[in-house]
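>>> predicted model, plus sequence, below.
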Amino acid sequence: MADTMAAPAKVAITLTVNGEQRTGQVEPRTLLVHFLREGLGLTGAHVGCDTSQCGSCVVELNGASVKSCTVLAVQADGAEVLTIEGLGRDGAYHPIQEGFWEKHGLQCGYCTPGMIMSAYGLLKRNPDPSEDEIRHALDGNLCRCTGYQNIVRSIQYAAQLMKDGPTAPVATSAD
Amino acid sequence: MSATLDAAAPVKLVGQPLKRREDPRLITGAGAFLDDVRLPGLCHLGVVRSPYGHARILGIDTTRAAAMPGVLGVFTGDDFLDLNPLPCAWQAGKVQNNVNTPRVLAVGEVHHVGDPVAVVVAETPSQAVDAAEAIDVEYEELPVVVDARRATEPGAPQLHENAPNNVVLRWSCGKEAAEVDAALAAAEVRIDQPIVNQRLLPTPMDTRGSIGRYDPGTGEYTLWATSQAPHVMRLLIAAFVMGVPEQNIRVIAPDVGGGFGQKIFLYFDMPLVLALSKKLGGRPVKFYEDRSENYLSATHGRDHLTDVAIGATRDGQITALKVDTHANLGGYLSTIAPGIPTTLYARMIAGCYKIPNIRVDVTGVYTNTAMVDAYRGAGRPEAAFVIERVCDLVADATGLDPAEVRRRNFIQPSDFPYDTGIGMLPYDSGNYEPTLDRALELVGYDDLKAEQAARRARGDRKLLGIGLSSYVEVCGVAPSKWIGLPGEGWGAGLWESANVKVHLTGKVVVTTGTLPHGQGHETTFAQLVADELGVPYDDIQVRHSDTLGTPFGFGSYGSRSLSVGGTAIYKSVAKVREKAKRLAAHMLEAAPEDIVWEDGKAHVRGAPASLKTLGEIALQASVAYDLPEGMEPYLDETTYYDPPNCTFPFGTHVCVVEIDRETGAVEPVRYVAVDDVGNVVNPLIVDGQIHGGIAQGLAQALYEAAVYSDDGELVTGTLNDYAIPKASMVPTYELDRTVTPSPTNPMGVKGAGEAGTIASTPAVANAVIDAVSHLGVRHLDMPLTPERVWRAMRDAERSDPGVAAAAD
C-alpha cells in the first residue's frame, strides 16, 4: 500500500551527461527521463506515453539508444548519457538535426528529439541504411504529424551529409 | 543559422519551400511544451477517475490521502460548486433543454470511465499520484450503454434526466423524407448499406495539460494550456465557468505538440488549476495527462452508425441519397460537439457530386463513453467516407468503373459557386475532374486494373486493390452570420484579427489570434508579410499564442489559420502600406496618388530615385514631429476580418493495396494524392500537412479503433492497444496538385490541414474492398485488420458470391 510506506530513501547517483559530470539524489523508482527532465533541467526528451511505445524520450546510454522512460535513474549511475541537448557541437547542428530542418522532418516537434536520437543510433550502426531499414529502425518512435515520409528523407539526407563530410554541397530541393 | 535567403533579393517568397523558422528550437531540445514550463513553487495535480462507466458517487474519503507526504490539499466536486459546468458553445440541432456538460469534478454521478472525481495537489508529481491512489471513493454502479443506437432504444440505461432516450438532438437537412423516398422508389438502381465510422483517439504526441497561477496581489490569473484557442478558453473560463472579469485571466499556449482538434476544447482542468492556485495562495498548480488519462478523458473522434439508401440510374447518375446517422457524443457534451455531425458532416454529404435528392437525419446521443468532438476533419471525413463508399457501391451495382461514376456525377467548373441545396454555404470554386485525371495518370490506373485482373486470373496469393476518393471539404471557417446563427450555429462569430506594427527601426512585428501546433505559422505568415510589405523576411517576427499581446482570435482549427487569420494579416499589411505611402508623399513633397510602393520602398511615380524606405518612413512615423496634418504617429494597424464565405479544397486520392489471401494482411503499396488547396504559400509545409493527414486517415482505414467493452471499459486505453501507425506501416506518398484559387480571400488560399485525412480513409478502404470485390464483397467496416479481411474473404468464398453483400 503506497500510503503506508515511508517515503523511499533517496539514492545518490553520478553520471556523465553530454560530457559533463552530473550528480543527483533520486528515489529508487525515478525514471531516467524524469531525472534528466526534472533533476537536470534537460527537457528535450519528452514523455508521450506510459507504456514505452512512443520513443519521444530516446537518449543514448553508454553508446546505445534507449527509451529513458524504461531505464531507472539508478541504473544510469556511472553511465555516459547523450541527450538531444548534447548532440550539436560548438553551436553547430549535427547533420541529423540539419536533415530534419532541411527536409521538414518535424511539425509539432514533440517526438523530434527522440526521433533524432534514434536516427543517431541507427546511423552509427548503419551509416548507409535503405529506406526500409530506416522505417524499421524507427519502429520504436511514433510521430502523429508527419506521416514519416519527411523523417525518412531527413535521415537519408543526414546519412549523405555524414558520408560526404561537413564541406559537401547541400541539396536544398524539397521532395 | 538564420534563414538562408538573400535579404536583398527582390524574390517573392510566397510559393517557396522555405524551411521553417520554428525548427531550430525544436531540433535542439529547446522547445518549451507545457511539460517543460518551469515555475517557482510549482505543485502538481493527481486525479482520481471513475473506474465505472456509470455510477452514483456515494462517498469520498480523503483522510488517508490528506495525510500523505507532500500533499497540499485534497478536493472533490463539492469544493467547486461555485464553478459552473463547462459550457457547450455550439448547440446545433436546437439542443437547449438537454445540455449536460462536465463540471470541473463530477458531482453525484459519473458518466464514463475516467470521469474526474477528486484531485490531490502535492509537491511532486509522484506524491500527487501516490496520494490520489489513497482516496477511497464508494460507488453504486448503474447500468451502462456505450453504443449510440442501442442507447436510444426502449429500456436502455438513461444517462441524464433531461435527455429521454439519451437523445441530445434530432436534426435533419435536405429535402422532405417523403420526397427523397419517392426518388429512391423510382430509381433504376437501389442500394442500401449500413456504414460504421468507428471511434478514434486523436493522439497528439504531447498530451493535454494546464498550469494555473493566481496572483493574490493583483487578483489576476495566468493559465498555460495546451490549447488551439487560448482567447476562446479565456472567454469561456472567465464568463461561463468562473465568473471573473475576462481581463483578469491571461491564457498562454506554449509550444503545443499536436492538436488535431482535441486541444480546441475547454476541459475540466483549465478552470480547476486556476481555482486551486487561488485556494493555495497563489502557488502554480500543474496538470499534465499521462497517455492513459488522455485516452480516458480527452475527446475522441468520429463514432457514427449510419444507414445509407442510394438511388441511381443504370448509367451511374446518383439520383437520391438518404442518410440516417446516429452520432455518439459521449457521456457529456464537449465544447462544440453538436456542430460536428450536423453542420460539418450532414451538410457536406453531397461531396463533389450533383445529387438532386438528399436527406440526412442525425441523432446525437449520450452514451457512457468519453466525449466526442472535432477530430482532424471534424465531420467531413465522416461525410467523405459515406459519399465515397456510395460512389463505389454505385459502380459495383452498375458495372461501371468507380472513376467513371465520379466523372458522371461531378459538379462542373461552370457550376461554381455551387449550392448543394442542403444548407452548406456555396462551394467557392472547384474543378474536380483534373484532379481525378491527374491522379489516375500518376498511379497508372489502367495498368493497375490489368494487373489486378491478371493476378486474379492466375490465382496469385497477393490480391491487388485500387481505391479512389474524390473529396471536397469546407475550410476557412467561417462567416459569423452563418456559423453564429442561434439554434444552428454556435451563437458567436468566427472572424480573426491581426496586428501589424512597424517599429521605428523598420522591424515588423505581426500578432495573430491564430496559433500553430505544428503547422509553421511563424514561417508562412512571415513569407506573406515579406512579399506584401517588401521587407526582408528576417526582419519580420510573428507572435501568437498569448492572450496578452495578441488581438482576439478564435484559434486554429478547421484549416482556417491562413485563409482567415492570414487574410487579417494581409489586410493589416495593406493598411500599413497605405499609411506609409501617405507619409512618404509628405516626406517627398509629392501627392499621395503619385506614390508607388515597390519592394518595401515608396517612390514618386516616374522618379524612382526619389524614394523613402519603409525604415525611413517608420522612423518618421515614430518620432512624429513632422507628420501630415491629422495623421496619428506610428505604423500600427489592426484588422478584424470576417470571411464572406468558407473555402472548399478538393482533390482525388488513389491508394493501391496488396492483400495476402492466406492471412488477410493489407499492405498499402502506393499512395497518390492530387490536392487543390488553392494558392500555396509554402509548398514544403503544405506537402507536410498532406503527408500527415494521409497517414492519419489511412490509419483509420487499416489500424485504429477506440473500443469500449459493453460495461464501459476503454479496452484500447494505452498506445500498447491503440495502433497509431509506425514508419513501417505507411507507404510513400506521391503528391501533386492543381491550383484553383479561392475567390473568398485576396490570397486565393483554401487550407490544407485536414484535406489528407478527409481524402485518405475512403481511398484506402475502397482499395481494400476493391481487392476482394471479385469474391462478392461489397462493403467492409473499418479498421480493415487482417482478421476482418480474412474473414470477409473466407465468408464470401463459402457463400454464393451473388448474395455475399456486406460481408462482415
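It's in. Keep in mind the model is a prediction, meaning the values are calculated, not measured.
>>> what about the closest residue to chain B within chain A, distance to B:I540?
Among residues of chain A, the one nearest chain B by C-beta to the nearest C-beta turns out to be A:G44. It sits 2.1 Å away. In this view, the C-beta of every residue, glycine as well, is placed from N, C-alpha and C. Using C-beta to C-beta, to the nearest Å, one obtains 28 Å as the distance from A:G44 to B:I540.
>>> give me the more crowded residue out of the two.
Neighbours of A:G44 and B:I540, each counted by other C-beta atoms under 10 Å in any protein chain shown, are more numerous for A:G44; the result is 26 against 22.
>>> the more buried one - nearest residue in space that isn't next to it in sequence?
For A:G44, the nearest residue in space outside its immediate sequence neighbours is B:G29; the separation is 2.1 Å by C-beta to C-beta, 6 or more residues apart in numbering or on different chains.
>>> same deal with B:L614?
The spatial neighbour of B:L614 that comes closest, neighbours along the chain excluded (C-beta to C-beta, 6+ apart), is B:G600 at 4.8 Å.
>>> kindly provide the distance from the one you found to B:A163.
Plainly put, B:G600 is 59 Å away from B:A163 if you go by C-beta to C-beta.
>>> tell me the confidence at residue 111?
Since you didn't name a chain, this refers to chain A. At A:C111, the model reports a pLDDT of 98.
>>> try again with chain B
98.
>>> mind showing which ranges of chain A have poor pLDDT?
For chain A, the stretches flagged by pLDDT under 70 are A:1-7, A:166-175.
>>> biggest helix in it by residues?
With secondary structure taken from DSSP state H, chain A has its longest helix at helix A:149-164.
>>> give me the buried positions along it.
For helix A:149-164, the buried set under the neighbour-count rule, 16 or more other C-beta atoms under 10 Å in any protein chain shown, comprises A:149-159, A:161-162.
>>> and which of those is nearest B:A309?
Top of the list for closeness to B:A309, among the buried residues of helix A:149-164 and by C-beta to C-beta, is A:Q149 at 39.3 Å.
>>> look up how far B:G697 lies from the residue of the stretch 51-200 of chain B found nearest chain A.
Closest residue of the stretch 51-200 of chain B to chain A, C-beta to the nearest C-beta: B:A134 (4.0 Å). With the distance defined as C-beta to C-beta, B:A134 ends up 43 Å from B:G697.
>>> more crowded one of the two?
Neighbours were counted for B:A134 and for B:G697 using other C-beta under 10 Å; B:G697 has more, 31 against 23.
>>> that's a helix at that one, yeah?
Yes - judged by DSSP: H, G, I helix; E, B strand; the rest coil, B:G697 forms part of a helix.
>>> that one touches B:R380, doesn't it?
No - in this structure, B:G697 is not within contact of B:R380 by C-beta atoms under 8 Å, at 10.9 Å.
>>> next, show the common contact partners of those two.
When contacts are counted by C-beta atoms under 8 Å, 6 or more residues apart in numbering or on different chains, B:G697 and B:R380 are jointly contacted by B:I758.
>>> now do the helices in chain A.
With DSSP H applied, chain A shows helices at A:32-34, A:95-102, A:112-125, A:131-137, A:149-164, listed in chain order.
>>> now render these as JSON lines, adding distance to B:G421.
Rendered in JSON lines, the data for the helices of chain A read as follows (distance: least, C-beta to C-beta, whole Å):
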{"stretch": "helix A:32-34", "distance to B:G421": "55"}
{"stretch": "helix A:95-102", "distance to B:G421": "47"}
{"stretch": "helix A:112-125", "distance to B:G421": "46"}
{"stretch": "helix A:131-137", "distance to B:G421": "46"}
{"stretch": "helix A:149-164", "distance to B:G421": "39"}
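>>> nearest to B:A580, of those?
With distances scored as C-beta to C-beta, the stretch of the helices of chain A nearest to B:A580 is helix A:95-102 (34.0 Å).
>>> in chain B, which residue sits closest to chain A?
As assessed by C-beta to the nearest C-beta, chain A sits closest to B:G29 within chain B, at 2.1 Å.
>>> hang on, that residue packs against A:G41?
No - in this structure B:G29 lies outside contact range of A:G41 using C-beta under 8 Å: 10.9 Å.
>>> contacting residues around B:L548?
Under the contact definition (C-beta under 8 Å, 6+ apart), the residues listed for B:L548 are B:R250, B:I252.
>>> any idea which element it lies in?
No secondary structure element spans B:L548, as it lies outside all helices and strands (assigned by DSSP states H and E).
>>> where does it land on pLDDT?
Confidence at B:L548, expressed as pLDDT, is 95.
>>> now the phi/psi pair for it, please.
Recorded main-chain torsions at B:L548 are phi -90, psi 110, according to degrees, to the nearest 10.
>>> got it, and B:V110?
Main-chain dihedrals, B:V110, degrees, to the nearest 10: phi -110, psi 150.
>>> that one bridge partners, please.
Partner residues in beta bridges with B:V110: B:A55, with DSSP bridges as the criterion.
>>> tell me the domain ranges of chain B?
Domain assignment of chain B by automatic domain parsing yields the ranges B:23-31+B:495-641, B:40-142+B:208-288, B:301-478+B:645-803.
>>> give the rounded mean pLDDT of the longest one.
It refers to domain B:301-478+B:645-803. The average pLDDT within domain B:301-478+B:645-803 is 97.
>>> same deal with stretch B:35-51?
What stretch B:35-51 shows for mean pLDDT is 98.
>>> quick one: it to chain centroid distance?
Relative to its parent chain, stretch B:35-51 has a centroid offset of 27 Å by C-alpha atoms, centre = their mean, to the nearest Å.
>>> buried ones in that stretch?
In stretch B:35-51, residues buried by neighbour count (16+ other C-beta under 10 Å) are B:35-37, B:42-51.
>>> related to what we said a few turns ago, nearest to A:G63, out of the helices of chain A?
Proximity to A:G63, assessed across the helices of chain A by C-beta to C-beta, is greatest for helix A:112-125 (8.0 Å).
>>> run the contact check for the closest one versus chain B.
Yes - applying C-beta under 8 Å from any C-beta of the partner chain, one finds helix A:112-125 in contact with chain B at A:T112, A:P113, A:I116.
>>> adding neighbour count, write those out as CSV.
CSV is the format used below for the residues of helix A:112-125 next to chain B (neighbours: other C-beta atoms under 10 Å in any protein chain shown):
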residue, neighbour count
A:T112, 32
A:P113, 31
A:I116, 30
